[in-house]
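S.K.: Take this sequence and fold it.
(chains A and B)
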2 protein chains.
Amino acid sequence: VAAGAHPVNQPSTGVRRIDHVGVAVHDLPAASRFLTTLLHMDAAAPVDLPEQGVRVQFHTAGDDQIELLQPTAGGGALARFLERRGEGLHHVGYRVDDVAAVLEAVRAAGGRLIDEAPRPGSRGTTVAFVHPKGSLGTLIELVQE
Amino acid sequence: VAAGAHPVNQPSTGVRRIDHVGVAVHDLPAASRFLTTLLHMDAAAPVDLPEQGVRVQFHTAGDDQIELLQPTAGGGALARFLERRGEGLHHVGYRVDDVAAVLEAVRAAGGRLIDEAPRPGSRGTTVAFVHPKGSLGTLIELVQE
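M.R.: Here you go, the predicted model:
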C-alpha cells in the first residue's frame, strides 16, 4: 500500500516524508560552517528556544533539512545527551498529517510518549516527541505543518 | 547560494538531498513491522551484504528512505556499534553528484575518511563513508546514483 494509505474515515497515521534530521553539537557556528562550506547547504538564521534551553539552526539540501541543536543551558535533555554520547545524530523528524492521531496510535501500540499531546514547534509547526524506547532506539519528532 | 552552487569548471561537492537515514537494529523483522504497521512505510525486500556482515532493508516514506541495518555476523563495525550504544540512529546518507569529488574536498578540509575511494553500494549506487570524527559526530554515507 502507498505510504499513508489507511481505511476510510480513520485519521492517517502514515509518515509523509522525513521532515528533518536533528544533530546535537557543542559548537553551532563550527557545525554550521561544516554543512555550508563543505556540503554547500543553505543555513537559516539560528533560533533560540529559551524554554528548552537550546539554540537550533536549520540547513537545507534540496527539500531536506538538517537541524543543528546546541544547548544554551546546562541540565537539559540535550545537554545530558551530549555529555553521555557526544556530538551526533539526535532525532528524526517525520512529517505527518495529524500529530494527535499518530500519538494515539503509538500509545495504543504500547509505545512511550515524551509529549502526551501535540505542542507548538519551531517554524510554525505542531510537534510531539516519541520516546526512543520502543521506537528502534530512535528519538522521533512528529511534525505537522 | 543554492545548494550545490559552485564555481564553474569545478566538480560540485554540494549535497542534493538526504538519500536515507540508517538505523541499527537487533531484530530486523520487528523493526520493519514498527515502520510498516505504525508509520505506514513501504518495505523493500531485505538484502544481505555478506562481505560487510549485515542485512539491510529499505523503507519508504514519500521520496525518503529509512535503511534498517542488522548484523549477520559478530565482530563487525555494526555489531560493535550495537554493543556499545544499542539500537538507534547509525548514519545519514547524503545524495551527491560525485562521490570522488566530495571525498577529495573532505580530505582537503582535514576530515577523516573511512573509504579512501568510492565503491559499489546497494541499489546500484556508488558510495563512500566519511568518519564521524570531524563530521559533527555523524557517520556520513555519500551516495551517487
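S.K.: So which residues of chain A form strands?
M.R.: In chain A, the segments counted as strands under DSSP state E are A:15-24, A:42-43, A:47-49, A:54-61, A:64-71, A:88-96, A:119-120, A:126-130, A:140-144.
S.K.: and those as a markdown table, adding mean pLDDT, distance to chain B and mean neighbour count?
M.R.: In short, each C-beta sits where N, CA and C put it, glycine included. Converted to a markdown table, these look like this (pLDDT from 0 to 100; distance: least, C-beta to the nearest C-beta, whole Å; neighbours: other C-beta atoms under 10 Å in any protein chain shown):
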| stretch | mean pLDDT | distance to chain B | mean neighbour count |
| --- | --- | --- | --- |
| strand A:15-24 | 95 | 4 | 23 |
| strand A:42-43 | 96 | 6 | 16 |
| strand A:47-49 | 92 | 18 | 12 |
| strand A:54-61 | 96 | 4 | 20 |
| strand A:64-71 | 96 | 4 | 23 |
| strand A:88-96 | 96 | 4 | 23 |
| strand A:119-120 | 92 | 20 | 10 |
| strand A:126-130 | 96 | 10 | 20 |
| strand A:140-144 | 96 | 9 | 23 |
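S.K.: For these, give me JSON lines that also has distance to residue B:143.
M.R.: What follows is the strands of chain A, written out as JSON lines (distance: least, C-beta to C-beta, whole Å):
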{"stretch": "strand A:15-24", "distance to residue B:143": "15"}
{"stretch": "strand A:42-43", "distance to residue B:143": "20"}
{"stretch": "strand A:47-49", "distance to residue B:143": "30"}
{"stretch": "strand A:54-61", "distance to residue B:143": "12"}
{"stretch": "strand A:64-71", "distance to residue B:143": "13"}
{"stretch": "strand A:88-96", "distance to residue B:143": "17"}
{"stretch": "strand A:119-120", "distance to residue B:143": "34"}
{"stretch": "strand A:126-130", "distance to residue B:143": "27"}
{"stretch": "strand A:140-144", "distance to residue B:143": "23"}
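S.K.: Out of those, the one nearest residue B:81 is which?
M.R.: Residue B:81 sits nearest to strand A:88-96 of all the strands of chain A, at 11.4 Å, using C-beta to C-beta.
S.K.: so what strands line up beside that closest one?
M.R.: Within its sheet, strand A:88-96 is paired with strand A:15-24 (antiparallel), strand A:140-144 (parallel), according to DSSP bridges.
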